[in-house]
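> This is the structure alone, sequence omitted:
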């Protein structure tokens, strides 16, 4: 098969769950003999087309910046990208075109191209945003984004979702069950098993972009409340973004300089894994998630998860499936602090969740995810 994976930003030039999913699946499909292109924004210097692990990485247009000064995604660069995407799809003879659904303009560009080229169009849904878009962009911009997303569910009958939570969102919007394929996000469980702990240990760890969606300020508040019970609590934050300055102000306000370490962006996955494995609890305070890779990675490393449960973020089905491997709690500071203290103080509960997480994560290895993806693509063609 000749496969095009459409996105906006591309791993390893930016590091996020959707980018990593594309890359991990693509390199395994290449090993199976398929030709795979990842098409998106050019975030590197040099040639527009490069080869990595046998994957053709194609930069179609350059982004001036990924986020505007307020830390939100802008619309102009993705719009430009969609025109370039359309033109490129017309030139290429792809069997499968798999588009990341939240790049809204690309949804429409790829649909038009697929009508002309008659290839199979797939949308991969990491999440369905819905009313969160108003919360994120503000009323008017949010309404436009909601409209684009709502109409996009009707553009193809081939939908891949990464969690049951996202599947339910699509079903609620009228998408037939037979038009939805559940293929979870994954983890390199073999790599996780080889990682050693660092000498410096932490109680709580946060990994992700420091932006509105990930809600890192809530992490700081959790550490502050835990400190009242455990004065020498230690925490580490891995990532960077628009909220870094406000986080530093909050750390200063709560006098947590000795309790929280900000390490910034870490591109080396081994080092990220080491920081997580050297921590007792992985905290995921996001406002919205589909099925975050970091959650499975933490479990694969034997680290229980503490996460929020909101109308836009619900990973409880994963955490409870095959043995509880973490807490998904209402987005209340008091409840989250209680959960953190329970895991830090109750050794028996902690160890049980740690073992459950390691066992569970083996089922989500990228090798398995790539095989499921290949089978799905082939079923569409056949």
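Right, received. Where do you want to start? Predicted, not measured: the structure shown is a model, and the values here were computed from it.
> helices or strands up against the helix or strand of the chain with the lowest mean pLDDT?
Ranked by mean pLDDT, DSSP states H and E, the weakest helix or strand in the chain is helix 316-320, scoring a mean of 84. Judged by 3 or more CB pairs under 8 Å, 6 or more residues apart in numbering; DSSP states H and E, helix 316-320 is in contact with strand 305-309, strand 326-330. From N, CA and C alone the C-beta is placed, and that goes for glycine too.
> So which of those strands is the most surrounded?
The highest mean neighbour count among the helices and strands packed on helix 316-320, using mean count of other CB atoms under 10 Å, belongs to strand 305-309: a mean of 24.
> Name the strands paired with it and say parallel or antiparallel.
strand 279-284 (parallel), strand 326-330 (parallel) (DSSP bridges).
> Comparing the ones you listed by mean pLDDT, which bottoms out?
Mean pLDDT per stretch puts strand 326-330 lowest among the strands paired with strand 305-309, at a mean of 89.
> Where does residue 224 sit, in terms of helix or strand?
helix 216-227 (DSSP states H and E).
> which ones are touching residue 35?
1, 2, 3, 56 (CB atoms under 8 Å, 6 or more residues apart in numbering).
> Highest neighbour count among these?
residue 3 (25 neighbours; other CB atoms under 10 Å).
> What confidence value was assigned to it?
pLDDT, residue 3: 98.
> show me what contacts it?
Contacts of residue 3 by CB under 8 Å, 6+ apart are 26, 29, 34, 35, 36, 37, 94, 95, 96, 97, 98, 377.
> please redo it, this time with the cut-off set to 10 Å
25-26, 29-30, 34-38, 55, 94-98, 119-120, 122, 373-374, 377 (CB atoms under 10 Å, 6 or more residues apart in numbering).
> how about the strands of the chain, start to end?
Counting by DSSP state E, the chain has strands at residues 2-6, 35-42, 49-52, 55-62, 96-100, 120-125, 159-161, 180-182, 202-207, 235-238, 260-264, 279-284, 305-309, 326-330.
> could I get the ones you listed as JSON lines with distance to residue 82?
JSON lines is the format used below for these (distance: least, CB to CB, whole Å):
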{"stretch": "strand 2-6", "distance to residue 82": "9"}
{"stretch": "strand 35-42", "distance to residue 82": "11"}
{"stretch": "strand 49-52", "distance to residue 82": "19"}
{"stretch": "strand 55-62", "distance to residue 82": "9"}
{"stretch": "strand 96-100", "distance to residue 82": "10"}
{"stretch": "strand 120-125", "distance to residue 82": "14"}
{"stretch": "strand 159-161", "distance to residue 82": "19"}
{"stretch": "strand 180-182", "distance to residue 82": "24"}
{"stretch": "strand 202-207", "distance to residue 82": "30"}
{"stretch": "strand 235-238", "distance to residue 82": "32"}
{"stretch": "strand 260-264", "distance to residue 82": "32"}
{"stretch": "strand 279-284", "distance to residue 82": "31"}
{"stretch": "strand 305-309", "distance to residue 82": "32"}
{"stretch": "strand 326-330", "distance to residue 82": "35"}
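> So what touches stretch 239-252?
Applying CB under 10 Å, 6+ apart, the set of residues contacting stretch 239-252 is 15, 66-72, 206-217, 219-221, 223-224, 235, 237, 256-260, 262-266, 272, 294.
> Would you mark the buried spots in that stretch?
Within stretch 239-252, the residues that count as buried by 16 or more other CB atoms under 10 Å are 239, 240, 241, 242, 243, 244, 247, 250, 251.
> Check the model's average confidence along it for me.
If you average the pLDDT values across stretch 239-252, you get 93.
> likewise stretch 194-203?
Mean predicted confidence for stretch 194-203 is 92.
> what does stretch 155-163 give?
96.
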